[in-house]
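Asks: Only the shape, not the letters, is given here:
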């Protein structure tokens, strides 16, 4: 399975509901394992009297269940964005300097 950058994971967890595709991305598991984990979580939430749409789980419960460290993801995604901007600015400066010569 392909690992996503932190900013892409944050985009996925910003949704209200988690589909099996989202769960697969967040848990980094295959389809069968994803469906098994989702079923377990659905049963737990059902015991707590949650009414759930078909094939969807509340994203906040998924994040909690998978123990995703959102603060860390935000910190790392800011670092990624800042480093990308820095690289782009350096490239622009280098291109601007080379045109002067």
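Replies: Structure received. Nothing here was measured: the structure is a model prediction, and the numbers come from that model.
Asks: Check the secondary structure at residue 52 for me.
Replies: Applying DSSP: H, G, I helix; E, B strand; the rest coil to residue 52 yields a three-state assignment of coil.
Asks: Pull out the buried positions in stretch 16-25.
Replies: Buried residues in stretch 16-25, counted by 16 or more other CB atoms under 10 Å: 18, 22-25. Using the backbone N, CA and C atoms, a C-beta is placed for each residue, glycine as well.
Asks: Over to stretch 32-39?
Replies: Using 16+ other CB under 10 Å, the residues of stretch 32-39 that count as buried are 34, 37-38.
Asks: Out of the residues you listed, which sit inside helices?
Replies: If you go by DSSP state H, the buried residues of stretch 32-39 have 34, 37-38 in helices.
Asks: quick one, phi psi at residue 64?
Replies: Recorded main-chain torsions at residue 64 are phi -60, psi -50, according to degrees, to the nearest 10.
Asks: returning to what we had before: quick check, nearest of the buried residues of stretch 16-25 to residue 48?
Replies: residue 18 (16.5 Å; CB to CB).
Asks: Next, work out how far apart that closest one and residue 69 are.
Replies: Here the criterion is CB to CB, to the nearest Å. By it, residue 18 lies 17 Å from residue 69.
Asks: now the strands for the chain?
Replies: Remark: strands assigned in the chain by DSSP state E are 17-18, 57-58.
Asks: is it possible to export the ones you listed to CSV including distance to residue 73 and mean pLDDT?
Replies: CSV is the format used below for these (distance: least, CB to CB, whole Å; pLDDT from 0 to 100):
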stretch, distance to residue 73, mean pLDDT
strand 17-18, 16, 96
strand 57-58, 18, 96
